[in-house]
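Student: Let's see this in three dimensions:
(chains A and B)
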Amino acid sequence: MDLLTIGQIINTTLVFATALIFASLGGIFSEKSGVTNLGLEGFMVFGAFAAGIGAHYAQEAGMGGTTSAWMGVLLAIVLGVLVSLIHAVASITFKADQIISGIVINFLAAGSTLYLVKLLFEGSGDSPLVQGFSKFDVPFLKEIPLLGEAFFKNVYPTTYLAILFVFLTYYIMFKTPFGLRLRSVGEHPSAADTVGVKVLRYRYIGVMISGALAAIGGAAITLTTTGTFSHNTVSGQGYIAIAAMIFGKWNPIGAFGAAVFFGFSQAIRNYVQLFEWSQSIPQEIIFMLPYLLTIIVLVAAVGRSSAPSALGEAYDPGKR
Amino acid sequence: MNNVLKWFTRDSFILPVVAIVMGLILGGIVMLIGGYNPIEAYGALFTKVFGDMYNFGEAVREMTPLIMTGLAFAFASRAGLFNIGGEGQFLVGMTAATFVGVKFAGLPIYLHAPLALIAGALFGGLWAAIAGYLKAARGVNEVISSIMLNWIGLYLANLIVRQFLLLKGENRSVNISESASISLTWLSELMGNSRVHMGTLIAIVMAVLFYIYMWKTKQGYEIRAVGYNPNAAEYAGMHVNRNIVKAMFISGMLAGLGGAFQVLGVFQYQTVMSGSPGTGFDGIAVALIGLNHPFGVLLGAVLFGTLTYGSAGMSFAADVPPEIIRIVIGSIIFFIAAQGIVRWILKPFYSKRKKEKVL
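Tutor: Model (predicted):
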């Protein structure tokens, strides 16, 4: 195996990790505010769907490749925020079980997106193929051996955007008053309420940002790897994003690392036949590895749980 | 008579019924917006299920694994555990049953089929017990570990089928031997050659056993106590950790048995799967509709099975995309979960009822 292959594997890893990064960052915003978000999968499905039809209609209207793709992302954000309001209203205002409410989102996503695709495109289960984002090379930097191949050749803008959002999330969460309030609402809502932080409002904002980011993650899949939306475009990535969030201990940098790890495990499948030693191992064992490793790491990293203390509890001001 | 009336006016009866009605209405509205006729669509749905014996039998077959995964989720819920791993337990149970069904050929039927069923239940249970053990011993959140176990279970199932049971040149296992089958030939012939099987009866028995175990035995009491308040249970001298592992084990047994039914009763072989079948996740919906009560789960599975199986007829006869049913089921769960909304809508009726009492 040469440097070129290693570079390509890293490159593919980042492509697969992109959607997971967005979605797990989304999960962090919601859960830091104290609202469990098992609906990430659903938000991603809605995002992937919106990106597919948004880019399609933008193309129909005569917009060029990248512009139409950005229109797809825009529609994904809008739809993600709108749908996240269902989760917010049920779990924050009406104090429904947050896990159940998240599952409802997944159910609604699976049903309604396919229903709409069939409605819009005369019975076809797939949205029409769109051009999406095209890969580009960064001049000069692409010449660097290994690094150029890994990070600066054949890259999608969404990958760079995802990495930017990791640092942005970190900054917002830990260096701004907004982040402090958001976290306080998830750690100790009644204390936050006492000092004048609007608990319910911050939770709503957390869930809405979560919906938007997870939807961008879904959009990234449609607009880079698949080019079309169908029922298996997202297929479980939202659940992996939840794992990445927990794996990364609700920290943006940690979640990023975990997402890259899962991305690597997906990328490695494309290259597995290149390794001599892997020929004798059944492919299922290689597929299993990331999930097994996650469990092992969770077991090894026992001790203090880093979940927000008020996670999953509805806030009732009367109970203070 | 008064008792009957009381039962019908209980919240645990009214809330799900109102939620179901609201879900159906919401689905109807979505159909109207899409330019379809909801009455025609729902009509086609019910004709599909109840129109002839064959389809009725097939709908019952569809409900059976849902009862099992629904019971599995409900059982763990009673112990305060969120078993999202029904999917993996279902697959592992299915694979164990296939393995016994194929490899133990030559056993008499009264041994082979029960053995295959027990293997399915046992391995499903052990698979869930891993998540239970990790929670009890190491404090690993069962939601996350069972999501991981779902994926591992999927690949493990494929691995075993491909390594040990493969039918040459096909992407599936060889057929299980006749002696392991739980198909009911006479009932099947009676019901237009639909694939009905003994699993349905076992599933109903399991629901009854669930009820008896949970509400009539000391062990069930302990599991519920741990579910309500682990600290209080601990203080009362119960072994919280042991109950967590036990509850997960029984929960996984139920899901694994559901998987075994699918192989032994319906397909007679197991395919190499590209993705999870989703029965475990649907079981969560069934349990939520049934408010985590075994008899509620039976009703939930009937509703869920009728809607999903019937939705095929809806698309055939009325040209409505069957996915709409997912929206209906999603909204039903939504309204059941967010009881506040239903109560808020029912408020005028509730206050009227109170007035009557005063008069």
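Student: Check whether residue B:108 really touches residue B:178, as I assumed.
Tutor: No. Contact between residue B:108 and residue B:178 fails when scored by CB atoms under 8 Å: they sit 11.2 Å apart. Yep, even glycine has a C-beta here, placed from its N, CA and C like the rest.
Student: between those two, who's got more neighbours?
Tutor: Here residue B:108 and residue B:178 are compared on neighbour count by other CB atoms under 10 Å in any protein chain shown; more neighbours surround residue B:178, at 13 against 8.
Student: Could you measure from the residue of chain B found nearest chain A over to residue B:308?
Tutor: Closest residue of chain B to chain A, CB to the nearest CB: residue B:326 (2.5 Å). In this structure, residue B:326 and residue B:308 are separated by 8 Å, where distance is defined by CB to CB, to the nearest Å.
Student: lowest-pLDDT helix or strand in chain B?
Tutor: Least confident helix or strand, chain B: helix B:339-358 with a mean of 66, by mean pLDDT, DSSP states H and E.
Student: what does the stretch 201-320 of chain A have sitting close to chain B?
Tutor: Taking CB under 8 Å from any CB of the partner chain as the contact definition, the stretch 201-320 of chain A meets chain B at A:232, A:235-236, A:239, A:242-243, A:246, A:282, A:284-285, A:287-288, A:291-292, A:294-295, A:298-299, A:302, A:305, A:307.
Student: For ChimeraX, write a command that selects the buried ones of the residues you listed.
Tutor: For anyone working in ChimeraX, the buried entries among those, judged by 16 or more other CB atoms under 10 Å in any protein chain shown, can be selected with:
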select /A:235,236,239,242,243,246,284,287,288,291,294,295,298,307
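Student: Can you list which of the residues of the stretch 201-320 of chain A next to chain B are found in helices?
Tutor: Members of these lying in helices (criterion: DSSP state H): A:239, A:242-243, A:246, A:284-285, A:287-288, A:291-292, A:294-295, A:298-299.
Student: Mind putting those into CSV with pLDDT?
Tutor: Rendered in CSV, the data for those read as follows (pLDDT from 0 to 100):
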residue, pLDDT
A:239, 87
A:242, 89
A:243, 84
A:246, 83
A:284, 85
A:285, 85
A:287, 82
A:288, 85
A:291, 84
A:292, 86
A:294, 78
A:295, 84
A:298, 78
A:299, 83
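Student: quick one: low-confidence parts of chain B?
Tutor: Low-confidence segments of chain B (pLDDT under 70): B:1-2, B:4-9, B:350-359.
Student: Please apply the same query to chain A.
Tutor: Applying pLDDT under 70 to the predicted model, the residue ranges of chain A that meet it are A:1, A:3, A:272-278, A:301-305, A:318-320.
Student: so which residue of it comes closest to chain B?
Tutor: Distances from chain A to chain B, computed as CB to the nearest CB, single out residue A:111 as the nearest residue at 2.5 Å.
Student: In contact with residue B:71, which residues?
Tutor: Neighbour list for residue B:71: B:203, B:206, B:207, B:210, B:254, B:283, B:287, B:294, B:297 [criterion: CB atoms under 8 Å, 6 or more residues apart in numbering or on different chains].
Student: circling back: what about the residue of chain A closest to chain B, how many residues close to it?
Tutor: By the other CB under 10 Å criterion, the neighbourhood of residue A:111 contains 25 residues.
Student: for residue B:236, same thing?
Tutor: The criterion is other CB under 10 Å. On that basis, residue B:236 has 11 neighbouring residues.
Student: do the same with residue B:51
Tutor: Quick note: residue B:51 (other CB under 10 Å) scores 14 neighbours.
Student: From residue B:43, how far out is it?
Tutor: Residue B:51 sits at a distance of 10 Å from residue B:43 (criterion: CB to CB).
Student: Which neighbours do those two have in common?
Tutor: Residues touching both residue B:51 and residue B:43 by CB under 8 Å, 6+ apart: none at all.
Student: Provide a list of residues in contact with residue B:50.
Tutor: Residue B:50 makes contacts with residue B:56, as judged by CB under 8 Å, 6+ apart.
Student: Phi, psi for it please.
Tutor: Torsion angles at residue B:50 (phi, psi; degrees, to the nearest 10) stand at phi -110, psi 10.
Student: ok, now residue A:309?
Tutor: Per degrees, to the nearest 10, the residue geometry at residue A:309, taken as phi and psi, is phi -60, psi -30.
Student: cool, residue A:136 as well?
Tutor: phi -140, psi 160.
Student: Show me what the longest helix along chain A is packed up against.
Tutor: In chain A, ranked by residue count with DSSP H as the criterion, the top helix is helix A:3-32. The criterion is 3 or more CB pairs under 8 Å, 6 or more residues apart in numbering or on different chains; DSSP states H and E, and the helices and strands that helix A:3-32 contacts are helix A:40-60, helix A:157-175, helix A:177-187, helix A:199-220, helix A:237-247, helix A:252-271.
Student: is it true that residue A:67 touches residue A:58?
Tutor: Yes. Look at residue A:67 against residue A:58 with CB under 8 Å: they come within range, at 6.8 Å.
Student: between the two, which one's more packed in?
Tutor: With neighbours defined as other CB under 10 Å, residue A:67 and residue A:58 compare such that residue A:58 has more, 21 against 14.
Student: if we can go back for a sec, report the contact partners of the residue of chain B closest to chain A.
Tutor: Applying CB under 8 Å, 6+ apart, one finds that residue B:326 lies in contact with A:107, A:108, A:110, A:111, A:112, A:114, A:115.
Student: what's the answer for residue B:29, then?
Tutor: Residue B:29 sits next to residue B:38 when contact means CB under 8 Å, 6+ apart.
Student: Over to the one 5 residues further on?
Tutor: Neighbouring residues of residue B:34 by CB under 8 Å, 6+ apart: A:115, A:119, B:320, B:321, B:324.
Student: Include neighbour count when you put these into TSV, please.
Tutor: Compiled in TSV, the contacts of residue B:34 are given as follows (neighbours: other CB atoms under 10 Å in any protein chain shown):
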residue	neighbour count
A:115	21
A:119	18
B:320	29
B:321	22
B:324	28
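Student: after the lengthiest helix in chain B comes which helix or strand?
Tutor: For chain B, the helix with the greatest residue count under DSSP H is helix B:109-138. The element immediately downstream of helix B:109-138 (helix or strand, assigned by DSSP states H and E) is helix B:142-164.
Student: mind listing what's buried in that following helix?
Tutor: Buried residues in helix B:142-164, defined by neighbour count with 16+ other CB under 10 Å: B:142-162.
Student: Would you tell me whether it gets close to chain A?
Tutor: Yes. Helix B:142-164 lies within reach of chain A by CB under 8 Å from any CB, at B:143-145, B:147-149, B:151-152, B:155-156, B:158-159, B:162-163.
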